[in-house]
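Chemist: model this:
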Amino acid sequence: YFIIKKIFLFSLIKLDDYGWLDLAHLFVDGTDALVNASKHYVIHLEEIKNVKKIKSLGLIHNGKKSSVKQFKDKIINLLKESELDEETVKVLNLALKNTKIYCRKVYNNIDDLEKAIGDSNKDYVSVSFPKATMMKTKKGGYDFALNLQSIMANHQILITGVLLRKPNDSNVLDEVLQELKVSFEILKELAEKYGKYEDEDELTKFEFEKLIDYAIFICDAGYFSNDNIEIADFNGIDFIVMSKQIARQNNNKNRKKWDLQLKDGKKNMKKDNVSKKQCIRIVDAYVCPFEQLISLDSCTLINSKYNRQPHISGDLREFSFKFSCKDCSGCPFVEKYGVKCNCAEIEDRISMFMYNMTNEFAAGKYNEIYKERLPNSECINGFHKTKDSILKLLCRDLTANQNEMLLRGLLYNIKRFKDLKGTIY
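Modeler: Numbering: from 1, shown residues only. Alright, predicted model coming up:
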């Protein structure tokens with residue numbers, strides 16, 4: 001793994017020789033990587049215990065079609081015996097529901113499968129790839145996959161990446177920074193040995209501690225969570241992350257432009273009430289669809305379990321931000337039903353960091369720097385995906401998949417190197 005990693009990271013040294021490695025802005029993006037495992041070939045925790053009991057009865061098959069048939073016939077014949085106790089009958093009936101998993105191969109890996117279930121947030125795992133996670137994919141369905149976290153720089157260059165067993169991006173920044181630290185330790189060694197640097201000060205760009213000081217980390221709304229923000233604060237990084245409300249507004253602008261259905265919570269609404277999701281967030285206020293201002297009334301520190309944690313202080317603490325509409329006259333909902341709609345009073349229970357970040361995006365402070373994220377992340381992720389926008393991994397082992405992504409990343413950076421040599425950069 002580390003040999004392949006070094007070869008991949010050497011591509012960054014070559015890119016830096018030509019002045020194309022700009023680490024001032026680092027873009028972190030996650031995408032689902034489907035693994036080579038069927039979502040229908042799974043084993044549940046209850047079945048793990050049952051496999052052991054079936055083995056104790058001497059009924060395990062070898063996985064071949066004929067052996068499976070014999071296994072099934074034996075169980076059916078045993079169930080016809082009247083002297084079986086209730087527990088044995090239960091074990092045999094459960095085995096008939098999924099005969100495929102009661103084979104020697106599964107039994108030999110039973111401890112690993114049991115541990116994988118313990119490490120996951122589900123009561124089942126894939127038999128063929130226990131370390132894969134069932135997650136919602138970009139296509140909208142669910143499948144066994146890994147979460148590919150990529151760190152990219154300007155000029156559409158891939159810095160590094162890591163495959164995680166987490167279904168979304170809300171709690172990944174710690175692992176991302178750990179991966180980045182390991183990569184930069186290797187990068188510094190490679191730069192000292194193979195780089196074309198006349199001054200030793202030029203090598204400081206490859207020191208992780210220096211990188212944390214000067215780089216700005218830019219993330220999309222999937223990273224807008226207390227967990228990620230805590231890690232960013234603990235490591236002292238400059239962290240720009242778009243809020244979910246602003247992201248929804250921007251997405252709806254594009255959906256409206258292309259005449260697509262808006263994501264505004266309408267399907268969950270009663271009557272024709274208005275939800276917060278339909279309102280536009282501006283600095284310290286919302287604007288409802290009927291252009292009424294819903295302004296900030298109060299900001300109160302919440303006495304919550306989260307805030308009472310010893311490491312939570314300052315802008316990490318959660319507050320209750322309450323907004324209200326001072327004048328609902330002319331509102332179609334009020335005129336129709338005689339009562340105020342849901343958006344007349346809005347409450348956001350978020351940290352002060354989140355609130356300030358939302359305000360800054362609403363004011364357009366990060367518009368230019370955030371625009372750089374899309375072409376960099378989509379270009380790199382698009383390289384990995386097939387024509388139907390799916391990233392499918394080939395192997396059934398986490399380390400092998402990591403190696404596969406390193407090789408894919410190496411191919412991408414080589415291609416990018418070739419493209420940049422033909423430009424004015």
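
Chemist: please enumerate the strands of the stretch 151-300 of the chain.
Modeler: Taking DSSP state E, counting those that start in this stretch, the strands of the stretch 151-300 of the chain run over residues 157-164, 216-219, 238-241, 280-282, 285-287, 293-301.

Chemist: in its sheet, which strands sit next to the second one, and in what direction?
Modeler: Strand pairing for strand 216-219, using DSSP bridges, gives strand 25-34 (parallel), strand 238-241 (parallel).

Chemist: mind listing what's buried in that strand?
Modeler: Across strand 216-219, burial judged by 16 or more other C-beta atoms under 10 Å covers 217, 218, 219. Heads up, the C-betas are built off the backbone N, CA and C, glycines and all.

Chemist: which stretches of the stretch 1-150 of the chain have low pLDDT?
Modeler: Along the stretch 1-150 of the chain, the parts satisfying pLDDT under 70 run over 82.

Chemist: before we move on, the earlier item: can you tell me which of the strands of the stretch 151-300 of the chain is nearest to residue 69?
Modeler: For those, the distance to residue 69 is smallest for strand 157-164, at 38.4 Å, taking C-beta to C-beta.

Chemist: hey, which of the strands paired with strand 216-219 is tucked in deepest?
Modeler: strand 25-34 (a mean of 22; mean count of other C-beta atoms under 10 Å).

Chemist: dump the strands of the stretch 151-300 of the chain into CSV; add distance to residue 318 and mean pLDDT as well.
Modeler: As requested, the strands of the stretch 151-300 of the chain are exported to CSV (distance: least, C-beta to C-beta, whole Å; pLDDT from 0 to 100):
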stretch, distance to residue 318, mean pLDDT
strand 157-164, 26, 95
strand 216-219, 20, 96
strand 238-241, 16, 95
strand 280-282, 18, 94
strand 285-287, 19, 94
strand 293-301, 8, 95
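
Chemist: contacts for the host helix or strand of residue 93?
Modeler: Residue 93 belongs to helix 86-97 when assigned by DSSP states H and E. Around helix 86-97, the neighbours that count as contacts under C-beta atoms under 8 Å, 6 or more residues apart in numbering are 46-47, 50, 53-54, 57, 59, 72, 75-76, 78-79, 84, 102.

Chemist: of the residues you listed, buried ones?
Modeler: Buried among the contacts of helix 86-97 (16+ other C-beta under 10 Å): 47, 50, 53, 54, 59, 72, 75, 102.

Chemist: for residue 281, what are its contacts?
Modeler: Neighbouring residues of residue 281 by C-beta under 8 Å, 6+ apart: 243, 245, 246, 249, 358, 362.

Chemist: how near is it to residue 343?
Modeler: 12 Å (C-beta to C-beta, to the nearest Å).

Chemist: hmm, back to that, make CSV out of the strands paired with strand 216-219 and add distance to residue 413.
Modeler: Formatted as CSV, the strands paired with strand 216-219 follow (distance: least, C-beta to C-beta, whole Å):
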stretch, distance to residue 413
strand 25-34, 15
strand 238-241, 25
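
Chemist: so how far is the longest helix along the chain off the chain centroid?
Modeler: Across the chain, the longest stretch assigned as helix under DSSP state H is helix 398-421. Remark: helix 398-421 is offset 21 Å from the chain centroid, using C-alpha atoms, centre = their mean, to the nearest Å.

Chemist: tell me the helices and strands packed up against it.
Modeler: In terms of contacts (3 or more C-beta pairs under 8 Å, 6 or more residues apart in numbering; DSSP states H and E), helix 398-421 is packed against helix 2-17, strand 142-153, strand 157-164, helix 373-384.

Chemist: residue 294 is nearest to which of the ones you listed?
Modeler: The nearest among these, by C-beta to C-beta, is helix 373-384 at 29.3 Å.

Chemist: dump the helices and strands packed on helix 398-421 to CSV, plus mean neighbour count and distance to residue 276.
Modeler: Shown next, in CSV, are those (neighbours: other C-beta atoms under 10 Å; distance: least, C-beta to C-beta, whole Å):
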stretch, mean neighbour count, distance to residue 276
helix 2-17, 18, 44
strand 142-153, 22, 28
strand 157-164, 23, 31
helix 373-384, 18, 25
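
Chemist: could I get those as TSV with distance to residue 229?
Modeler: As requested, those are exported to TSV (distance: least, C-beta to C-beta, whole Å):
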stretch	distance to residue 229
helix 2-17	28
strand 142-153	17
strand 157-164	18
helix 373-384	18
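
Chemist: identify the farthest-apart pair in the buried ones among the contacts of helix 86-97.
Modeler: 53 and 72 (16.6 Å).

Chemist: can you show me the helices along the stretch 51-200 of the chain?
Modeler: In the stretch 51-200 of the chain, the segments counted as helices under DSSP state H, counting those that start in this stretch are 65-79, 86-97, 104-108, 110-119, 173-194.

Chemist: pull out the buried positions in stretch 294-314.
Modeler: 294, 296, 312.

Chemist: setting aside sequence neighbours, what's the nearest residue to the second one?
Modeler: Pointing back at residue 296 there. residue 284 (4.7 Å; C-beta to C-beta, 6 or more residues apart in numbering).

Chemist: who's in contact with the one you found?
Modeler: Residue 284 neighbours (C-beta under 8 Å, 6+ apart): 295, 296, 359.

Chemist: which one of those residues is nearest residue 184?
Modeler: The nearest one, if we look at the contacts of residue 284 relative to residue 184 and count by C-beta to C-beta, is residue 359, at 32.9 Å.
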